[in-house]
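Asks: Here is my input; please provide its structure:
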Amino acid sequence: MPSLAIIGGTGLDQLDGLEIVDRHCVQTPYGDPSRAVEEGRMAGQQVFFLQRHGSPRAIPPHLINYRANLWALRSLGASQVIGINAVGGITPAMLTGTLVIPDQVIDYTWGREHTVDVGEGGSLQHIDFTEPYSLALRAALLRAARDAGLEHEAGGVHGVMQGPRLESAAEVRRLARDGCDLVGMTGMPEASLARELGLDYASVCMVVNPAAGLSDAPITLDSMRDALARGAGAVRALLQAYIAAESPSAG
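Replies: The predicted structure follows:
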């Protein structure tokens with residue numbers, strides 16, 4: 001299988017099941033990644049893992065060095081990247097605990113370093129972003145989810161907000177009018193940078209709370225982490241099923 005990298009999000013500081021064999025401190029043209037990239041074995045295959053928020057640091061979404069993170073993974077040989085995102089659910093199907101493999105994204109962020117094209121190459125890099133996630137990688141993840149018997153949503157629109165604050169109820173109503181099913185803070189520019197760098201990228205979202213205004217319960221970081229901890233087994237099972245299915249010995 002192509003060399004795989006997994007980017008973890010809130011509540012996913014370590015990748016259970018990854019047998020770590022090395023750690024790489026990569027220097028990039030864009031500065032330091034969030035932390036050292038872990039290299040290990042999972043389901044018998046080489047996997048790289050990077051926590052985008054850092055650890056023990058806690059880098060807020062708008063200050064993550066997305067360019068350095070993706071550059072580092074590519075420099076280590078990764079050609080596929082799966083980003084794990086903790087998100088809020090907007091549409092009724094996106095209940096807390098739901099595993100979602102989104103197929104579209106709307107970027108509401110601002111001020112982030114969102115491109116590696118700085119005009120030095122003699123031509124502009126206008127990437128095609130019609131389908132923001134790799135069709136082949138998404139299809140493989142969906143097959144793995146079905147084969148593993150994991151309940152999941154096979155698509156959805158991921159609205160990416162600036163953060164680090166959570167959204168107002170009015171903002172969530174706007175997101176719903178725009179067609180968003182999910183809301184998070186870290187899906188962009190990660191996805192578009194991956195496209196610029198020639199990496200196959202897909203997102204796996206775990207719904208950790210109803211979006212603002214859709215529940216009477218307050219939204220807290222502790223409740224999000226609790227929900228993600230409960231759903232981490234499904235994320236791990238999906239990744240293991242995908243890796244096992246794509247390994248050269250499969251079939």
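Asks: Where do the helices of the stretch 51-200 of the chain begin and end?
Replies: Counting by DSSP state H, counting those that start in this stretch, the stretch 51-200 of the chain has helices at residues 66-75, 135-147, 169-178, 190-196.
Asks: Pipe the ones you listed into CSV and attach mean neighbour count per row.
Replies: Using the backbone N, CA and C atoms, a C-beta is placed for each residue, glycine as well. As requested, these are exported to CSV (neighbours: other C-beta atoms under 10 Å):
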stretch, mean neighbour count
helix 66-75, 23
helix 135-147, 17
helix 169-178, 15
helix 190-196, 23
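Asks: Among those, which comes closest to residue 20?
Replies: Residue 20 lies closest to helix 66-75 among the helices of the stretch 51-200 of the chain, at 15.7 Å (C-beta to C-beta).
Asks: re earlier: the helices of the stretch 51-200 of the chain into a markdown table, with extra columns for mean pLDDT and distance to residue 19?
Replies: Shown next, in a markdown table, are those (pLDDT from 0 to 100; distance: least, C-beta to C-beta, whole Å):
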| stretch | mean pLDDT | distance to residue 19 |
| --- | --- | --- |
| helix 66-75 | 98 | 19 |
| helix 135-147 | 97 | 20 |
| helix 169-178 | 97 | 40 |
| helix 190-196 | 98 | 25 |
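Asks: now those helices as CSV including distance to residue 218?
Replies: Converted to CSV, the helices of the stretch 51-200 of the chain look like this (distance: least, C-beta to C-beta, whole Å):
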stretch, distance to residue 218
helix 66-75, 30
helix 135-147, 31
helix 169-178, 13
helix 190-196, 28
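Asks: Let me know which of the ones you listed is the nearest to residue 239.
Replies: Here helix 135-147 is closest among the helices of the stretch 51-200 of the chain (C-beta to C-beta), at 8.3 Å.
Asks: who's in contact with that closest one?
Replies: With C-beta atoms under 8 Å, 6 or more residues apart in numbering as the test, helix 135-147 has contacts from 80, 82, 99, 101, 103, 152, 154, 200-202, 204, 238, 241-242, 245-246.
Asks: Would you mind checking those for buried ones?
Replies: 80, 82, 99, 101, 103, 152, 200-202, 204, 238, 241-242, 245-246 (16 or more other C-beta atoms under 10 Å).
Asks: Out of the contacts of helix 135-147, list just those in strands.
Replies: Under the assignment DSSP state E, these contribute 80, 82, 99, 200, 201, 202, 204 to strands.
Asks: Next, give me the two most distant ones among those residues.
Replies: The farthest-apart pair in those, when distances are taken by C-beta to C-beta, is 99 and 200, at 19.9 Å.
Asks: hey, which helix is longest across the chain?
Replies: Identified as the longest helix of the chain according to DSSP state H is helix 221-246.
Asks: For it, the averaged confidence score.
Replies: Taken as a whole, helix 221-246 has a mean pLDDT of 86.
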